[in-house]
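> quick one: sequence plus predicted model below, questions after.
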Amino acid sequence: MNVDSIFFAIEIIGTVAFAITGVITALEKKFDIFGALVLGTVTAVGGGIVRDIILGYLPPMAFRKSVYALTAVVTSLAVFVLAYFLGSKIKKHFDVYSQIINIFDSIGLSVFVIGGVNSAISCGFGENMFLSIFVATLTGVGGGVMRDIMAGRVPKILRKRVYALAAIVGAIIYYVLIWYKILPSTPAIIIGAGSVLVIRILATIFHWNLPTAKDLGE
């Protein structure tokens, strides 16, 4: 499998993972089927669209290749149908499903961070480390921010489980490994994406959160 095929597979995995989190959020907010499809699709491709606009890659990849949006729509529809017919069972084991969704969310974050760095390098901005890391982080968290705003809640990256920090760490690791040719593409991808995934899972298990200010009203 060549590098392009690896990155395409990564983006499809991320698209599926984020679409699932978008639909679950829509179900929690009692959106109808159209709303669920929209939220799932926006969550899946939103970060990539913003990334491409910043990099000047227009129209964004999500519009150039319909496979990404179609994958998001099909995934969203499948999750909605399952929830529609198995809603009572899902509600009964909600805690378990919440953990599963958190894993999917972490997978989506990790693979899109890698894709973001690669996009910056492919567009000729590899020498600009700050831009590459920024774009990678935005690719990973952008769809989730859009999801949360559309669902009427505070974005997760501002309040929960070192979410954006995990993306930044993973982006830096992958950028250094790939740009300075420390490792070939495949192990660099595994280490970069794996670091994001590990940080997210550990943060969930041990309830890690960044410090917040004390209640100013006290």
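Arrived safely, thanks for sending. Numbering: from 1, shown residues only.
> same for the host helix or strand of Val23, what does it pack against?
When elements are defined using DSSP states H and E, Val23 is found to belong to helix 3-28. If contacts are counted by 3 or more C-beta pairs under 8 Å, 6 or more residues apart in numbering; DSSP states H and E, helix 3-28 sits against helix 33-55, helix 66-92, helix 94-122, helix 129-150, helix 185-206. Backbone N, C-alpha and C define where each C-beta goes, glycine included.
> could you export those helices as TSV, including mean neighbour count, mean pLDDT and distance to Phe7?
Conversion of the helices and strands packed on helix 3-28 to TSV gives the following (neighbours: other C-beta atoms under 10 Å; pLDDT from 0 to 100; distance: least, C-beta to C-beta, whole Å):
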stretch	mean neighbour count	mean pLDDT	distance to Phe7
helix 33-55	23	94	12
helix 66-92	16	86	12
helix 94-122	21	83	6
helix 129-150	23	94	12
helix 185-206	18	90	8
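> want to try JSON lines for these, with distance to Ala26 as columns?
As requested, the helices and strands packed on helix 3-28 are arranged in JSON lines below (distance: least, C-beta to C-beta, whole Å):
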{"stretch": "helix 33-55", "distance to Ala26": "4"}
{"stretch": "helix 66-92", "distance to Ala26": "8"}
{"stretch": "helix 94-122", "distance to Ala26": "12"}
{"stretch": "helix 129-150", "distance to Ala26": "9"}
{"stretch": "helix 185-206", "distance to Ala26": "22"}
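> from memory Val73 sits against Ala36, does it?
No: in this structure, Val73 sits apart from Ala36 without contact. The criterion is C-beta atoms under 8 Å, and the distance is 10.3 Å.
> the closest residue to Ala36 other than its chain neighbours: how many residues sit nearby?
Here the nearest residue to Ala36 in space, its sequence neighbours aside, is Ala26; by C-beta to C-beta, 6 or more residues apart in numbering that works out to 3.9 Å. One way to gauge burial is a neighbour count; for Ala26, by other C-beta atoms under 10 Å, it gives 27.
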